[in-house]
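S.K.: Curious how this folds, go ahead:
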Amino acid sequence: MNLKKLGDSYTSVFYILFLTILFPPVTYSQESDSIKQKSPKITYTDKGFQLSSNDLNYLLQIEWRGQFRIAYPTDQDPVSLDDFSKEQIHLKINRARMKVGGNSFRPWLKYYLEYELFTSNLLDFRIMVEKWPFLKLKIGQWKVQYNRERIISSGKQQSMERSILTRPFTVDRQQGLSVYGRIEGNGMLDFNYWISVFMGTGRGSNENDDNQLMWMSRLQWNVFGRPVPFSGSDLNYSVKPKLILAIAGLTNRSQFTRFSQSGGGQLPGFPEQDEPGQYRINQWVFETAGLYKGLSFQQEFHWKQIFDRINQNMTTLSGNLVQAGYFPFYLWKKIPEKLEIYARYAFYDPFLENKQTDLYSEFSCGLNYFIRTHRNKLTAEISFLNFESEDLAFYEGIRYRLQWDISL
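M.R.: Predicted coordinates for the structure are as follows:
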């Protein structure tokens, strides 16, 4: 049996059923006006091709995104000391995504699906009930609304890639349920909140390894009554300042000490084979972000504690990042208007209990040229990566990367 053909057949059937549910067949009358009224609209938007009914109760948006990258001498952030000695040229498709979103039956009953074509992974599939701004409901699989750097889509980042803090501190994608919304007060009394519960075992896992779930909450203060969108760069030149202060906390018990797009995994120093519910993780993050007249910035401070319930060991990590970008055109008109410069500094200590120095750090700077906002942009970046080990040895390296990110 040809498994590839069988897989393609199932995929075709899935798409046909998906479109049938979203846009059920209609019976056209002989009246031309009635046919016109029931005919769907096809347009192109900033979320790809859009197919919708006239009353907008049914809407389908579909887009494709590719990320093409050249890197030297490595593309990944160093995890071990051996990573500093690697020298290779990388020319690769870094991401290849299909995104499908919209609403069915009513404008406030929304859905979203994202699939990674290159590795054949279902990243997101969620249903959202968003009838009231102050009370919304989400169910399915998605990136936990924990820290800003990870929440922002890889296609809307200011930098080429997320910082070295992502691997040790991100919660990534989980399956679960969330209640969230925005409480709009007068002026400064403006808040967003998220309260969520998840399986706590990573992307693609629909069951827990014990009877303990992952709990997460996030509170965001929109200081001037204007939220900062989850997108990098001040592309729209914010005439009025936007500023947010946010804090989020999370607790989880599972057999994993970290999460990524691949699912659950282990940080360096933790064995790959562990018992269900072995690690209790408590972590929190405090962050700020703002936009004003072409200037953008964001900052995150992370703290994470891992308790090994079997070996009775405690490991504590902390880290911080600061990032800023600006369009120099607003200072000197001879510079291209679509050119942005940015810089980021990030560091983390993987083992605070160790009295000796043990520190990872990264300084990255780069240029963005927005051909058409984040939907079509070129990015060039250079990074200085350092690691100071507990024996006071110092390792460093320089990384060069060039990328084209395009959404169709």
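S.K.: Quick check: Val67 vs Lys377, distance?
M.R.: If you look again at residue 67, you'll see it is Gln, not Val. 10 Å (C-beta to C-beta, to the nearest Å). Any C-beta I mention is one placed from the backbone N, CA and C, and that applies to glycine too.
S.K.: Give me the common contacts of the two.
M.R.: Trp404, Asp405 (C-beta atoms under 8 Å, 6 or more residues apart in numbering).
S.K.: OK, contacts around Leu321?
M.R.: So Leu321 contacts Glu149, Ser163, Leu165, Gln298, Gln299, Glu300, Arg344, Tyr345, Ala346, Phe347 (C-beta under 8 Å, 6+ apart).
S.K.: try 10 Å
M.R.: By C-beta atoms under 10 Å, 6 or more residues apart in numbering, Leu321 lies in contact with 147, 149, 162-166, 169, 287, 298-302, 344-348, 362.
S.K.: Can you tell me how far it is from Asn147?
M.R.: In terms of C-beta to C-beta, Leu321 sits 10 Å off from Asn147.
S.K.: list the residues that contact both of these two?
M.R.: In contact with both Leu321 and Asn147: Arg162, Leu165, Thr166, Phe169, Glu287, Gln298, Glu300, His302, using C-beta under 10 Å, 6+ apart.
S.K.: re earlier: so of the contacts of Leu321, which ones are in strands?
M.R.: Glu287, Gln298, Gln299, Glu300, Phe301, His302, Arg344, Tyr345, Ala346, Phe347, Tyr348, Glu362 (DSSP state E).
S.K.: farthest pair in these?
M.R.: Glu287 and Glu362 (17.5 Å; C-beta to C-beta).
S.K.: Can I have the buried ones of the ones in strands among the contacts of Leu321 as a ChimeraX selection?
M.R.: Those of the ones in strands among the contacts of Leu321 that count as buried under 16 or more other C-beta atoms under 10 Å are selected in ChimeraX with:
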select :287,298,299,300,301,302,344,345,346,347,348,362
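S.K.: now the ones in strands among the contacts of Leu321 in TSV, with distance to Ile310 and pLDDT?
M.R.: As requested, the ones in strands among the contacts of Leu321 are exported to TSV (distance: C-beta to C-beta, whole Å; pLDDT from 0 to 100):
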residue	distance to Ile310	pLDDT
Glu287	33	97
Gln298	38	97
Gln299	36	98
Glu300	31	98
Phe301	30	98
His302	25	98
Arg344	38	98
Tyr345	37	98
Ala346	32	97
Phe347	31	95
Tyr348	25	94
Glu362	33	95
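S.K.: Out of the ones in strands among the contacts of Leu321, flag the one nearest to Ser238.
M.R.: Nearest to Ser238 among the ones in strands among the contacts of Leu321: Gln298, at 14.1 Å, using C-beta to C-beta.
S.K.: Excluding chain neighbours, give the residue nearest to that closest one in space.
M.R.: Excluding the flanking residues, the one nearest Gln298 by C-beta to C-beta, 6 or more residues apart in numbering is Ala289, at 4.1 Å.
S.K.: Quick check: bridge partners of the one you found?
M.R.: Ile244, Gln298 (DSSP bridges).
S.K.: Correct me if wrong: it contacts Glu300.
M.R.: Yes. The pair Ala289 / Glu300 is scored as a contact, 8.9 Å apart, by C-beta atoms under 10 Å.
S.K.: rewinding a little: Lys240: which of the ones in strands among the contacts of Leu321 is nearest?
M.R.: In terms of C-beta to C-beta, no member of these lies closer to Lys240 than Gln298, at 18.3 Å.
S.K.: Could you report the separation of Arg65 from Leu408?
M.R.: 7 Å.
S.K.: Please enumerate the shared neighbours of the two.
M.R.: Shared contacts of Arg65 and Leu408, counting by C-beta under 10 Å, 6+ apart, come down to Gly48, Arg375.
S.K.: okay, these two: which has more neighbours?
M.R.: Using other C-beta atoms under 10 Å as the criterion, Arg65 and Leu408 rank with Arg65 on top: 21 against 12.
S.K.: Pull the distance from the strand or helix carrying the more buried one to the chain's centre.
M.R.: If you go by DSSP states H and E, Arg65 is part of strand 59-72. Computed by C-alpha atoms, centre = their mean, to the nearest Å, the chain-centroid distance of strand 59-72 equals 14 Å.
S.K.: just stretch 252-267 next, same as before
M.R.: 16 Å.
S.K.: Could you pull out the helices in this structure for me?
M.R.: 3-22, 32-38, 148-151, 166-169 (DSSP state H).
S.K.: Number of residues surrounding the closest residue to Thr316 other than its chain neighbours?
M.R.: Among residues not flanking Thr316 along the chain, Leu352 sits closest, at 4.2 Å (C-beta to C-beta, 6+ apart). Leu352 has 15 neighbours, counted by other C-beta under 10 Å.
S.K.: Show the pLDDT at Leu352.
M.R.: The per-residue pLDDT reported for Leu352 equals 85.
S.K.: right, and it touches Asp358 too?
M.R.: Yes. Between Leu352 and Asp358 there is a contact at 8.7 Å, judged by C-beta under 10 Å.
S.K.: is it true that Ile70 touches Tyr400?
M.R.: Yes. Contact status for Ile70 versus Tyr400: in contact at 8.3 Å, counting by C-beta under 10 Å.
S.K.: got the buried residues for stretch 330-340?
M.R.: Within stretch 330-340, the residues that count as buried by 16+ other C-beta under 10 Å are Lys338, Glu340.
S.K.: and that stretch, how far out from the chain's middle?
M.R.: The answer for stretch 330-340 is 29 Å, by C-alpha atoms, centre = their mean.
S.K.: Run through the stretch 251-400 of the chain and note the low-pLDDT ranges.
M.R.: 355-357, 389-394 (pLDDT under 70).
S.K.: my guess is Asn211 contacts Ser254, does it?
M.R.: No. Judged on C-beta under 10 Å, Asn211 makes no contact with Ser254 at a distance of 11.3 Å.
S.K.: Report the set of residues contacting both of these two.
M.R.: Joint contacts of Asn211 and Ser254 (C-beta under 10 Å, 6+ apart) are Pro276, Gly277.
S.K.: which one of those two has more residues nearby?
M.R.: Ser254 (25 against 8).
S.K.: Since that was my last question, I'll sign off now.
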